[in-house]
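Q: Below: sequence and its predicted model.
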Amino acid sequence: MVQPTYTYVADENVAQGDDRPITLWFEDQTISSWEFFFTAKKRHSFTDDDAAIKIDTSEVLLSDSGAGFIDTVTFWLTSAKTTIALDNYNYDIKIIKESTVVNTLIKGVLTIESHQTRRKS
């Protein structure tokens, strides 16, 4: 039986060109066989190919200790990925379990903002 999944709305602000991790925690799950996707687009109607930021399973940092533990998945919004136009982007994080169960875990608006501090030394 598939347990219900709830979608959480979470807006994120990131300074243009900054690195930012987004980490999800799963308790009592075996997540190593799951697929994970982060997608940010200017418009909902854009295709995934037109997304400003895409992070797939091969790019996530996965900690899977199995059932009975708290496991994590970290999506790294690297400086290369956040060096995009200052704007608001619609984003979501999806998982696919057992090849068929698709769940949107988080959705919201990712705002790429300008830096206040520009000096590096």
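A: Received the coordinates, thanks.
Q: Asp49 looks like it's in a strand, true?
A: No. Counting by DSSP: H, G, I helix; E, B strand; the rest coil, Asp49 is located in no strand; its state is helix.
Q: How confident is the prediction for it, by pLDDT?
A: For Asp49, the model assigns a pLDDT of 94.
Q: Next, count neighbours for it.
A: 6 (other Cβ atoms under 10 Å). From N, CA and C alone the C-beta is placed, and that goes for glycine too.
Q: can you check the one 4 residues further on too?
A: The burial count assigned to Ile53 is 20, neighbours taken as other Cβ under 10 Å.
Q: how much space between it and Thr23?
A: 16 Å (Cβ to Cβ, to the nearest Å).
Q: what's in contact with the least confident helix or strand in the chain by mean pLDDT?
A: Lowest mean confidence among the helices and strands of the chain (mean pLDDT, DSSP states H and E): strand 8-9, at a mean of 78. For strand 8-9, the surrounding residues in contact (Cβ atoms under 8 Å, 6 or more residues apart in numbering) are Leu105, Ile106, Lys107, Gly108.
Q: Adding pLDDT and distance to Asp48, write those out as CSV.
A: Below are the contacts of strand 8-9 laid out as CSV (pLDDT from 0 to 100; distance: Cβ to Cβ, whole Å):
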residue, pLDDT, distance to Asp48
Leu105, 89, 17
Ile106, 92, 17
Lys107, 93, 14
Gly108, 94, 17
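Q: Go through these and name the one nearest Lys41.
A: Lys107 (11.4 Å; Cβ to Cβ).
Q: Would you mind naming the residues that bridge with that closest one?
A: Val9, Asp92 (DSSP bridges).
Q: Identify the residues contacting the closest residue in space to Thr82 that isn't next to it in sequence.
A: Excluding the flanking residues, the one nearest Thr82 by Cβ to Cβ, 6 or more residues apart in numbering is Val14, at 5.3 Å. Applying Cβ under 8 Å, 6+ apart to Val14 gives the contacts Arg20, Leu77, Thr82, Leu110, Thr111, Ile112, Glu113.
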